[in-house]
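**Q** Fold the stuff below for me.
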Amino acid sequence: MQNTTTNVPHNIIMENRKTLRISGVKDIDSFSENRIVLSTVMGELIIKGDDLHIGELEGTSGDLTMTGCVNSIVYSRHSVMDGPVKKLFR
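**A** A predicted model of the protein is given here:
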């Protein structure tokens, strides 16, 4: 079976550290005003900042918009759901 997520583009466009547009988002793992964790076609993406708000997630295309003061954008090697929490949801 062919993996279709490799054909989905993954882009991050940030405007003035206040607005983010991200494509290739598969799911929102968790969110708060200080941290948003996304599952993307390129791995887990962690966005940290202040007053973060998700505008919309287009389910079919995987396009996400968000606003707030962005302090960092980091790809994680390990999912937040790894470890004991993951075992609970098996």
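
**Q** show me what contacts the residue positioned nearest the centre of the chain?
**A** What sits nearest the mean C-alpha location of the chain, by CA atoms, centre = their mean, is residue 38, with 2.4 Å. Each residue near residue 38 by CB atoms under 8 Å, 6 or more residues apart in numbering is listed here: 22, 25-29, 44-47, 64. Heads up, the C-betas are built off the backbone N, CA and C, glycines and all.

**Q** Any regions of this protein where pLDDT drops low?
**A** Within the chain, the stretches with pLDDT under 70 are 1-6, 78-90.

**Q** Try it again at 50.
**A** 1-4 (pLDDT under 50).

**Q** tally of neighbours for residue 17?
**A** Neighbours of residue 17 under the rule other CB atoms under 10 Å: 11.

**Q** where exactly do the helices run in the chain?
**A** 84-88 (DSSP state H).

**Q** Regarding it, what is its longest strand?
**A** Across the chain, the longest stretch assigned as strand under DSSP state E is strand 43-58.

**Q** need the contacts of residue 38 in CSV with distance to residue 9 and neighbour count, can you?
**A** Formatted as CSV, the contacts of residue 38 follow (distance: CB to CB, whole Å; neighbours: other CB atoms under 10 Å):
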residue, distance to residue 9, neighbour count
22, 11, 22
25, 11, 20
26, 13, 15
27, 17, 11
28, 19, 14
29, 21, 15
44, 18, 18
45, 14, 21
46, 20, 16
47, 19, 22
64, 13, 22
